[in-house]
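>>> structure of the sequence below:
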Amino acid sequence: MLETSITPSVLSAYSTAILIRRVEQTLLDLFAAGKLFGTVHTCIGQEFIGVAVAKALREGDLIFSNHRCHGHFLARTGNVEGLIAEIMGKQGGICGGRGGSQHLCDNKLGFFSNGVQGGIVPVAAGLAMSLQFAGNENIAVVFVGDGTLGEGAVYETFNIASKWDLPLLIVLENNGYAQSTAQTQTLAGSITARAAAFGISTACAGVWDPEQLLTTAGQCVDLVRAGRRPVFLQVDAYRLMAHSKGDDDRDRQEVDSFWRRDPIELFTRERPTDADAMQKHATGLIDAAVAKAEQTPYTVFAESYQDACPAAAPAWKLSAIPAGDRFVGEIRNALRRNMQRDSRIVLLGEDIESPYGGAFKVTKGLSDEFPARVRNTPISEGAIVGLGNGLALGGKLPVCEIMFGDFLTLAADQLINHASKFRYMYNDQVRVPLIVRTPMGGGRGYGPTHSQSLEKHFLGLPQTQMLALHQRCNPGSVYDTLFETVDRPVLVIENKLLYATRMGLPAPEGFTLEASDELYPTTRLKPAEKPEITVFCYGGMLGSVEQAIVSAFEEHEIVAEVICPIQLYPFNPGAVIESVSRTRRLLLVEEGAAFAALGAEVIAQIVEQRPGILQRVMRVGPPRHPIPSCGPLEKELLPNQDTISAAMERLCRND
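As a prediction, the model looks like this:
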């Protein structure tokens, strides 16, 4: 039974909770009426969790929520109109109708949500880290469900948040089910023990005693704020409605028993006057919001989000890179001078601090000069890039090093479901200036899991960029340009064989080295004679291609022109189209598996944009099986001077 006296704070909490419930019930009605799209995950039964946390927060605190985010959003922002319009897909929504139910953002109030639960935890930790750098008293909060405890990214983040003293409150909404699967089937051990194992303070509360929940949540927020360390709050609850829409196969008697315990139901029966006033107030706000949304247009396609480049033929100029440092030194110097210039830049990665300085020594010495901004991380690629995402949302410019490109697969969720989505689904409220740099390629005998070229798996992610460094570009200049212009997630491929090479080698005899007028110049090796074949390559393959075009000329009198871009995505086919329009023959050389790779896209764009100009085409790539550790066999299987030259000869002579 409720006490006859109730504090204004608790009464206010009930008012917000009733508003949230009425919104959720309205959304279910709108869905049944065919006025919503996709799905709706309501928090009916869990309303007081968001209310209790939001009441304890200050201006400047940040929240990252999940697929069941409506209650958290309303408790923090009170924006009924923006939420309903968003879920109805209307332009007046908080994200212009782009994000929908699961993907909400109010950047001014520091609220974000995403439907991928496990992946949001390292992003929230990155937000907390941005607050740590700011040196203020603000904190970050992340809401997750008990089902999320099966995700490895959660524990990667617990470890880093605790070790780095990040001001992060983790709120675990324990409703006993992961969609339809009971917790008893999937969870071993104690929930709070998981966080405690990482040295994180824990607390527990439940929704059935709102006053105690308000007190506990406030204490946890204060503890994070004062101690500048993470805290884990488990809130026991019960989801009274289906996981989404009507897909509920739980025992009806079990559900009914929790309806009878529901604090809003009890409040309505025991304080009918207060409850009736709150319901009327909520209904007025909701009805007005629905009426306004129904008169608002649906969201429309934004032309600016097409990543395709026009097939513009570039202007060319002579390219001369003066002899200088080794490739690795040029990258290191660029990182150093840009970190001196821009205090937002933060470097994260495994073994990147002194004295080791990274597996390929790119960051050697930088942690001595920038000790707080160059950080060794655990072996946690997903968490590394997730932290980078959060830092980028928090106003920093993170550079995440993935020790070997093969390990990008462990961070794929952060790149595919987070970094590449935030700007669009949050309706341009945010930018994600995230740089992920990684070595790719074979040639050093590292074997099947450390020698791959996997960049094709990350090509074409919307609102991202991919760069591949090669021996004819100045990598320091590339990074200077990148740091000056980055406004999106960028993946930089650094072929590991390039690190030891020296800059400024002369062009092969009989060829002129040219660079396009693009932001990231395309390199062209232009022969003195009229070319009869175009060779397209990128990254570490340029060295082998240069050797091959010399031998092809000497042995078979084949004259080739080479096109080698830095920017692989978005891709401008102008340079290769211009060349192929003269040669009519195209050889594509890639170190990664050629099936469904960049070369196939190049062919497709040529055929689409200039049908008929391409008469013959061939691709050179490794066989479709893992790269061996055996040095001689690896050298034989990867594209090399001999295989490239032989392909040129077949392409030119087999008419």
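>>> which residues sit against stretch 113-123?
Here stretch 113-123 makes contact (C-beta atoms under 8 Å, 6 or more residues apart in numbering) with 64-67, 69, 72-73, 102-105, 112, 142, 144-145, 147-148, 150-154, 156-157, 160, 170, 382-383, 385-387, 389-390, 393, 413-414, 417-418, 421. In this view, the C-beta of every residue, glycine as well, is placed from N, C-alpha and C.
>>> again, 6 Å this time
64-67, 69, 102, 104, 142, 144, 148, 151, 153-154, 157, 383, 386-387, 389-390, 413, 417-418 (C-beta atoms under 6 Å, 6 or more residues apart in numbering).
>>> which of these fall in helices?
153-154, 157, 383, 386-387, 389-390, 413 (DSSP state H).
>>> which one of those is nearest to T522?
N389 (29.8 Å; C-beta to C-beta).
>>> now the closest one: closest residue in space, sequence neighbours ignored.
V123 (4.7 Å; C-beta to C-beta, 6 or more residues apart in numbering).
>>> which SSE is the one you found in?
Assessed by DSSP states H and E, V123 sits inside helix 117-134.
>>> tell me which residues of that helix come out buried.
Neighbour-count burial for helix 117-134, counted by 16 or more other C-beta atoms under 10 Å, picks out 117-133.
>>> swap in stretch 598-615?
Buried-residue list, stretch 598-615, by 16+ other C-beta under 10 Å: 598-599, 601-603, 605-606, 614.
>>> domains in this protein, by residue range?
9-243+262-294, 316-498, 511-653 (automatic domain parsing).
>>> follow-up on the earlier one: can you put the buried residues of stretch 598-615 in a markdown table and add secondary structure and pLDDT?
Conversion of these to a markdown table gives the following (DSSP: H, G, I helix; E, B strand; the rest coil; pLDDT from 0 to 100):
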| residue | secondary structure | pLDDT |
| --- | --- | --- |
| L598 | helix | 97 |
| G599 | helix | 97 |
| E601 | helix | 97 |
| V602 | helix | 97 |
| I603 | helix | 97 |
| Q605 | helix | 95 |
| I606 | helix | 96 |
| L614 | coil | 96 |
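>>> report the central residue of this protein.
A419 (2.3 Å; C-alpha atoms, centre = their mean).
>>> pLDDT weak spots in the stretch 251-400 of the chain?
303-310 (pLDDT under 70).
>>> where exactly do the strands run in it?
316-318, 345-349, 374-376, 397-401 (DSSP state E, counting those that start in this stretch).
>>> now the nearest residue to A288 once chain neighbours are set aside, what's its secondary structure?
Closest residue to A288 apart from its sequence neighbours, by C-beta to C-beta, 6+ apart: E81 at 7.4 Å. Following DSSP: H, G, I helix; E, B strand; the rest coil, the label given to E81 is helix.
>>> just confirm E81 contacts A289, I think it does.
Yes - under the criterion of C-beta atoms under 6 Å, E81 lies in contact with A289, with a separation of 4.2 Å.
>>> how about the contacts made by W208?
W208 neighbours (C-beta under 6 Å, 6+ apart): R261.
>>> that one and G349, how far apart?
Per C-beta to C-beta, to the nearest Å, W208 is found 45 Å from G349.
>>> over to E634?
Distance from E634 to G349, by C-beta to C-beta: 26 Å.
>>> again, but for P8
50 Å.
>>> same question, A575
33 Å.
>>> for the stretch 501-650 of the chain, which segments count as helices?
In the stretch 501-650 of the chain, the segments counted as helices under DSSP state H, counting those that start in this stretch are 541-556, 574-583, 598-609, 631-637, 641-653.
>>> using a markdown table, lay out those helices together with distance to T296.
A markdown table is the format used below for these (distance: least, C-beta to C-beta, whole Å):
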| stretch | distance to T296 |
| --- | --- |
| helix 541-556 | 52 |
| helix 574-583 | 41 |
| helix 598-609 | 37 |
| helix 631-637 | 59 |
| helix 641-653 | 57 |
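>>> comparing those, which gets the lowest mean pLDDT score?
Confidence, taken as mean pLDDT, is least for helix 631-637 of the helices of the stretch 501-650 of the chain (a mean of 89).
>>> how distant is that one from the center of its chain?
Between the centre of helix 631-637 and the centre of its chain there are 35 Å (C-alpha atoms, centre = their mean, to the nearest Å).
>>> repeat that for stretch 590-609.
Taking mean C-alpha positions (C-alpha atoms, centre = their mean), stretch 590-609 and its chain are 25 Å apart.
>>> again with stretch 245-265
37 Å.
>>> give me the distance between the two termini of it.
Using C-alpha to C-alpha, to the nearest Å, the end-to-end distance of stretch 245-265 comes out at 21 Å.
>>> tell me the buried residues in it?
Buried residues in stretch 245-265 (16+ other C-beta under 10 Å): 245, 250, 255, 258, 262-265.
>>> neighbours of S645, how many?
24 (other C-beta atoms under 10 Å).
>>> now do the buried residues in stretch 207-226.
If you call a residue buried by 16+ other C-beta under 10 Å, then stretch 207-226 has these buried ones: 207-208, 210-211, 213-218, 220-221, 223-225.
>>> which of those fall within strands?
Judged by DSSP state E, these include no members of strands.
>>> from the residues you listed, which is closest to M618?
Using C-beta to C-beta, the buried residues of stretch 207-226 come closest to M618 at V224, 60.0 Å.
>>> quick check: that closest one touching L233?
No - the criterion here is C-beta under 6 Å, and V224 misses it with L233 at 9.6 Å.
>>> for the closest residue in space to R228 that isn't next to it in sequence, phi and psi?
Take R228 and drop its neighbours on the chain: the residue closest to it by C-beta to C-beta, 6+ apart is P167, 5.1 Å away. P167 adopts backbone torsions of phi -80, psi 80, taken as degrees, to the nearest 10.
>>> how many residues are close by P167?
27.
>>> now F258: closest residue in space, sequence neighbours ignored.
F258's closest residue in space is Y238 (C-beta to C-beta, 6+ apart), at 4.1 Å.
>>> swap in F458?
Counting by C-beta to C-beta, 6+ apart, the residue nearest F458 is L491, at 5.7 Å.
>>> and the helix or strand in which the one you found is found, which strands flank it?
Here L491 is covered by strand 490-495, with elements defined by DSSP H and E. Using DSSP bridges, the strands paired with strand 490-495 are strand 435-440 (parallel), strand 465-468 (parallel).
>>> so it versus strand 397-401, what angle?
30 degrees (axes from the mean of the first three to the mean of the last three C-alpha atoms, to 10 degrees).
>>> how about the domains of the chain in CSV, adding distance to F301?
Formatted as CSV, the domains of the chain follow (distance: least, C-beta to C-beta, whole Å):
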stretch, distance to F301
domain 9-243+262-294, 10
domain 316-498, 11
domain 511-653, 18
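>>> and of those domains, who's closest to L505?
Across these, closest to L505 is domain 316-498 (C-beta to C-beta), at 7.3 Å.
>>> can you check the distance spanned by the closest one, start to finish?
25 Å.
>>> quick one: distance of it to the chain centre.
13 Å.
>>> how far away is N79 from I352?
41 Å.
>>> the more surrounded of these two?
Comparing N79 with I352 by other C-beta under 10 Å, the one with more neighbours is I352, at 25 against 19.
>>> spatially nearest residue to that one (excluding sequence neighbours)?
T363 (4.3 Å).
>>> from what I can see the one you found touches E353, true?
No - using C-beta under 6 Å, T363 is not in contact with E353; the gap is 7.6 Å.
>>> so where's the stretch 1-150 of the chain shaky on pLDDT?
1-4.
>>> hmm, the residue nearest to F458 is touching V436, no?
Yes - between L491 and V436 there is a contact at 5.1 Å, judged by C-beta under 6 Å.
>>> which of these two has more neighbours?
The residue with more neighbours, out of L491 and V436, is V436; 29 against 26, by other C-beta under 10 Å.
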